[in-house]
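Engineer: Predicted structure and sequence below. I'll ask about it afterward.
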Amino acid sequence: QVQLVESGGGLVQAGGSLRLSCAASGRTFSSYDMGWFRQAPGKERAFVAHIMKNGERTYYADSVKGRFTISRDNAKNTVYLQMNSLKPEDTAVYYCAAQITSRGWGSSFYDYWGQGTQVTVSS
């Protein structure tokens, strides 16, 4: 079993930055890939970013490329999402997720999910 707890969300003006954190416990953190997703009101949950077990590869949704950076610290059992140049359309609940076997970044490929943290970007 893996427990994931997100933090770092909040209210920020357009153009600002936030860093989300996701602390993991329950299994060896370095044994699974990690991802970030988001869900805006009335919309489906959408992929944001993915990082491989050792951080050697990262993948991003086109909508966040060049603005968001996913990283991980396996010594701290934590994955991060640095979000810069935020836009009102980035407003959503952000979720981190863990994937035991590397299969890609469709939401159904992830085995464990956090409870989410709200990010609100004002115009």
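Structural biologist: In hand now; what should we look at?

Engineer: Could you use CA atoms for every contact and neighbour count after this?
Structural biologist: Noted.

Engineer: Which strand or helix spans the residue nearest in space to the middle of the chain?
Structural biologist: In the chain, the residue lying closest to the centroid (CA atoms, centre = their mean) is residue 36, at 2.3 Å. Here residue 36 sits within strand 33-39, counting by DSSP states H and E.

Engineer: ok, and for stretch 45-65, which residues are buried?
Structural biologist: 45-53, 55, 58-60, 64 (16 or more other CA atoms under 10 Å).

Engineer: And the average pLDDT for that stretch is what?
Structural biologist: Across stretch 45-65, the average pLDDT comes to 96.

Engineer: quick one: contacts for the closest residue to residue 47 other than its chain neighbours?
Structural biologist: Nearest non-adjacent residue to residue 47, counting by CA to CA, 6 or more residues apart in numbering: residue 37, 4.5 Å away. Residue 37 makes contact with 45-49, 94-97 under the criterion CA atoms under 8 Å, 6 or more residues apart in numbering.
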